[in-house]
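Peer 1: give me a model of this one.
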Amino acid sequence: MSWVANVMVSVDSWDRANVESLSEWLRTQAPLRWDTPARGCGFLRDTTGQDTTWGGWKYPECDVWAGALNHADVKAVLDHIAQMPWRCPNALQVFVMDQEESFFRVWMLRDGELRQYAPVEPDEEDEDFYPADL
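Peer 2: Sure thing, here's the model as predicted:
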């Protein structure tokens, strides 16, 4: 049985090496959701390079990496991202949609702290999150 966290990381092009390092940490050292000596939950892949295809006639003009992480300890992942030596920390955006969540949470570094910016509420546990006819 799996527990998937969808993660996208948008950075300035100066931080490519940091995202590659994050991806390797996710692959080999990231802790899992439960107490176990096992490590590694997946990796990130560049989604905006010349080899990728998006809608439209142009290549994306951004640097976005994405991965489907299995059994990731999301808090540990966010803590690790917050401690990394980003060259352009104000450009960093982290989008996280954990298993059983219906939308991405957006995190950004400001004043040395990784903060959730949008959305904060409502969440899937709120009584009126889903329409009554679903």
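Peer 1: which parts of the helix-or-strand element of the chain with minimal mean pLDDT are buried?
Peer 2: Least confident helix or strand of the chain, by mean pLDDT, DSSP states H and E, is strand 113-118 with a mean of 92. For strand 113-118, a neighbour-count test (16 or more other Cβ atoms under 10 Å) marks Leu114 as buried. From N, CA and C alone the C-beta is placed, and that goes for glycine too.
Peer 1: ditto for stretch 85-96
Peer 2: For stretch 85-96, a neighbour-count test (16+ other Cβ under 10 Å) marks Trp86, Pro89, Ala91, Leu92, Gln93, Val94, Phe95, Val96 as buried.
Peer 1: with those residues in mind, which one is nearest to Ser23?
Peer 2: For those, the minimum distance to Ser23 (Cβ to Cβ) is 13.2 Å, reached by Val94.
Peer 1: returning to what we had before: partners of the least confident helix or strand of the chain in the sheet?
Peer 2: As defined by DSSP bridges, the strand partners of strand 113-118 come to strand 105-110 (antiparallel).
Peer 1: count the neighbours of Asp12 for me.
Peer 2: Residues lying near Asp12 (other Cβ atoms under 10 Å) number 16.
Peer 1: how much space between it and Glu121?
Peer 2: The gap separating Asp12 from Glu121 is 30 Å, by Cβ to Cβ, to the nearest Å.
Peer 1: and what of Asn70?
Peer 2: To Glu121, Asn70 is 27 Å away according to Cβ to Cβ.
Peer 1: show me where the chain has strands.
Peer 2: Along the chain, counting by DSSP state E, strands occupy 4-11, 45-46, 63-70, 93-97, 105-110, 113-118.
Peer 1: got those as CSV, with distance to Gln29 columns?
Peer 2: Below are the strands of the chain laid out as CSV (distance: least, Cβ to Cβ, whole Å):
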stretch, distance to Gln29
strand 4-11, 16
strand 45-46, 18
strand 63-70, 13
strand 93-97, 18
strand 105-110, 20
strand 113-118, 19
